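>>> Can you look at this prediction? I've put the sequence above it.
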Amino acid sequence: MVVAVVIGSSSLYVMNADPCLITECNATATTITVGSVTLFSGVTASNSSQAIANLFMTINNPGKTTYVSSLSLSGAWAVNNDANTTHEASTTTSESVTSIVITTWQDAWNSTSAIIFSTDFAASELRANHLTPMTFYPRTSSPENILQGERYNFAINFTNGESISGSLIAV
C-alpha cells in the first residue's frame, strides 16, 4: 500500500491510505476512505452570520452509491467570563471551557437553511467508484469561531452503515 501523509500549515491530508491513518481515527469503513480533509477556520453560519468556516473533504467510494447520513464536528471553546469572548482555552481562572458539537450543516456559505441529510441527497451523494469532493459549512444557533491551529474531532456516517472519524487541526 502506498501511503502519503502530509501535515503542514495545520492541515492533514491522507492519500491512498487506510482511513485509520488519520490522527486518532476510529473507522468502521471497509470500502470508503478519506482522500483529504481540511477544516478552514472562521465563523460558523447562524441566523445573524454567514459562514466563513468550512469542512472540505474528498471521499473515495469504490463501492455502490451511498450518502452521508450525518456529520459532526466537536471541539472545546473557552469563554472568557470577564470579556465574554470565545477563544482557545487557557489555564487562567476567569475562563470556563465549553464543549460544542456541531451537527447542523449548510451546502453553501450564504445558504439560509440547513442540509437535512435524510432527504437532501444531492448535497450528500457519494457516487459509485468516484472520488467525491464535498464542502460543508457548519451552522450553529449563534456565531461560533473555529480557531486556526486548534484540534477538532469529526465523524462521518454513511447510509451504507460505514463511518469514519478522526481529528484534525483547523487552518
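Ah, there it is.

>>> Quick check: Phe136 vs Gly166, distance?
Phe136 sits 15 Å away from Gly166, going by CB to CB, to the nearest Å. In this view, the C-beta of every residue, glycine as well, is placed from N, C-alpha and C.

>>> Could you do Asn157 as well?
Distance, Asn157 to Gly166, by CB to CB: 13 Å.

>>> try Ser99
According to CB to CB, Ser99 and Gly166 sit 18 Å apart.

>>> Between those two, point out the one with more neighbours.
Ranked by neighbour count (other CB atoms under 10 Å), Ser99 and Gly166 place Gly166 first, with 22 against 8.

>>> pretty sure that one is in contact with Arg151, am I right?
No - using CB atoms under 8 Å as the test, Gly166 is too far from Arg151 to be in contact (10.5 Å).

>>> Run a quick neighbour tally on the closest residue to Thr103 other than its chain neighbours.
Once flanking residues are discounted, Thr103 sits nearest to Ser72: 4.9 Å by CB to CB, 6 or more residues apart in numbering. When neighbours are counted by other CB under 10 Å, Ser72 registers 16.

>>> Equivalent analysis for Ser111, please.
Number of residues near Ser111 (other CB under 10 Å) recorded here: 16.

>>> What separation do you get for it and Thr38?
For Ser111, the distance to Thr38 - CB to CB - is 20 Å.

>>> do Ala108 as well
With the distance defined as CB to CB, Ala108 ends up 17 Å from Thr38.

>>> higher neighbour count, the two?
The neighbour comparison of Ala108 against Thr38 (other CB under 10 Å) goes to Thr38, with 19 against 16.

>>> Surely the more buried one is in contact with Pro133?
No - between Thr38 and Pro133 there is no contact under CB under 8 Å: 10.9 Å.

>>> which stretches of the protein have low pLDDT?
1-30, 76-98 (pLDDT under 70).

>>> Across the sheet, point out what pairs with Val73.
Heads up, residue 73 is Leu, not Val. As for beta bridges, Leu73 partners with Ile102, Phe154 under DSSP bridges.

>>> got it, and Gln106?
Applying DSSP bridges, one finds that Gln106 bridges with Tyr137.
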